[in-house]
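Participant: this one's structure only:
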């Protein structure tokens with residue numbers, strides 16, 4: 001046990017097993033790193049703050065680092081206002097394994113980061129490493145209602161792109177995790193029960209997103225990889241799941257998320273294991289979004305139709321997709337759907353109220369041809385039900401690799417019904 005601990009320039013502190021505790025009383029003690037701090041095993045407890053200065057080296061390949069700079073909400077014996085509980089001013093960060101837990105938010109009544117990376121060079125953390133905000137036990141109050149449990153991985157011009165991020169803050173006063181700038185999680189993002197994460201700036205996730213608490217997504221959830229500040233396609237199958245609450249606003253939410261971007265080049269793409277609605281923009285850069293009737297993706301709300309960007313042979317929705325269509329519509333509304341391949345459909349309903357229509361493409365057709373129909377496709381059909389609202393009529397355009405210039409859409413009242421021509425002969 002040491003009250004305060006300083007690693008001098010050229011010095012090294014290595015922990016491979018056992019426990020080392022900085023600060024035996026109060027929560028305002030400091031571990032200052034000017035040299036090299038290496039943890040491969042054991043537990044490093046810091047009752048106060050960690051300050052890894054520019055030029056220092058911070059290695060973690062295993063073990064646990066546990067930092068708590070909040071003394072039960074008592075500012076006098078906690079980390080001082082204006083001093084982050086974890087401040088990383090060095091880019092010599094090699095986190096390849098283990099867990100790093102920050103137990104509580106800052107007690108300062110003025111806005112102060114709990115966790116901060118401030119350097120001009122970006123750092124990539126291994127997906128074998130996990131940063132945990134909260135320990136699932138403590139409920140000590142934060143001091144500022146705006147900053148709350150503030151994590152800033154982009155204070156300077158470089159980013160700290162995290163491995164895995166686990167939000168485990170519990171309920172309590174000012175314990176919501178907030179971010180002032182875009183935040184990158186190269187592995188999995190997990191929000192545990194009774195915890196909340198406010199994504200007021202872009203949150204990029206390269207692995208899975210598991211929300212069993214509350215995610216308030218007022219900006220963009222981006223399912224993609226990222227190196228430094230450069231976005232690329234995630235190469236792994238991804239899921240969005242959980243039993244928690246997804247909402248686009250903390251007060252009077254109108255949808256589950258504001259905006260969603262998918263950039264994934266794996267064969268499996270991104271699978272929704274929860275239903276999601278968007279009030280803002282859906283961006284399809286690369287890959288499939290896999291949906292079901294239960295885990296439906298909806299773009300638009302009762303008061304906003306939302307915006308679609310993208311949709312192509314390499315970026316589409318495999319399953320049903322619903323969209324809000326404005327009253328008195330005259331435009332063709334794009335549904336970038338498909339199954340094995342991209343097979344989009346464009347709907348132009350003459351709406352007499354705000355409407356919601358759903359579309360899904362299928363690689364099979366068990367229906368039969370009506371008297372005037374020949375060469376009915378057995379390998380393609382679309383289902384486009386009106387979910388809500390009213391319309392007088394509808395025009396339809398479809399896209400498929402097998403469509404010819406003499407092909408005409410036909411319709412039936414059920415997938416296995418009799419298909420008749422209601423769209424004319426040209």
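Facilitator: Nice, I can see it. The structure presented is a predicted model; accordingly, all values stated were derived computationally and were not measured.

Participant: burial measure for residue 371, as a count.
Facilitator: Residue 371: 8 surrounding residues under other Cβ atoms under 10 Å. Where you see a C-beta, it was placed from the backbone N, CA and C, and this is true even at glycine.

Participant: helix or strand for it, which one?
Facilitator: Assigned by DSSP states H and E, residue 371 falls within no helix or strand.

Participant: and what of the one 4 residues further on?
Facilitator: Under DSSP H and E, no helix or strand contains residue 375.

Participant: The residue nearest to residue 108 when sequence neighbours are not counted and residue 75, how far apart?
Facilitator: Among residues not flanking residue 108 along the chain, residue 81 sits closest, at 3.7 Å (Cβ to Cβ, 6 or more residues apart in numbering). Plainly put, residue 81 is 7 Å away from residue 75 if you go by Cβ to Cβ, to the nearest Å.

Participant: Spell out which residues are contacts of both of the two.
Facilitator: Counting by Cβ atoms under 8 Å, 6 or more residues apart in numbering, the contacts common to residue 81 and residue 75 are 108-109, 143.

Participant: Need the pLDDT of the residue nearest to residue 108.
Facilitator: At residue 81, the model reports a pLDDT of 97.

Participant: got it, and residue 25?
Facilitator: Residue 25 is assigned 86 on the pLDDT scale.

Participant: any idea how far the residue sitting furthest away from the middle of the chain is from residue 420?
Facilitator: Centroid-distance maximum for the chain: residue 371 at 50.8 Å, with Cα atoms, centre = their mean. Distance of residue 371 to residue 420, given as Cβ to Cβ: 8 Å.

Participant: The top strand by length along the chain packs against which elements?
Facilitator: Ranked by residue count, the top strand of the chain under DSSP state E comes out as strand 281-290. When contacts are defined as 3 or more Cβ pairs under 8 Å, 6 or more residues apart in numbering; DSSP states H and E, strand 281-290 packs onto strand 259-263, strand 270-272, strand 297-299, strand 307-310, strand 315-318.

Participant: who's in contact with the residue nearest to residue 108?
Facilitator: Shown in contact with residue 81 (Cβ under 8 Å, 6+ apart): 75, 106, 108-110, 112, 143.

Participant: List only buried entries from these.
Facilitator: Buried members of the contacts of residue 81, scored by 16 or more other Cβ atoms under 10 Å, are 75, 106, 108, 112, 143.

Participant: Three-state assignment for the third one, please.
Facilitator: Classification of residue 108 into helix, strand or coil gives coil, according to DSSP: H, G, I helix; E, B strand; the rest coil.

Participant: What score does it have for pLDDT?
Facilitator: Residue 108 is assigned a predicted lDDT (pLDDT) of 96.

Participant: Next: residue 426.
Facilitator: pLDDT, residue 426: 50.

Participant: hmm, back to that, residue 123 is nearest to which of the helices and strands packed on strand 281-290?
Facilitator: strand 259-263 (21.6 Å; Cβ to Cβ).

Participant: Against which helices or strands is that closest one packed?
Facilitator: strand 220-223, strand 276-278, strand 281-290.

Participant: Which secondary structure elements does the shortest one sit against?
Facilitator: This means strand 276-278. Where contact means 3+ Cβ pairs under 8 Å, 6+ apart, strand 276-278 is packed against strand 259-263, strand 297-299.
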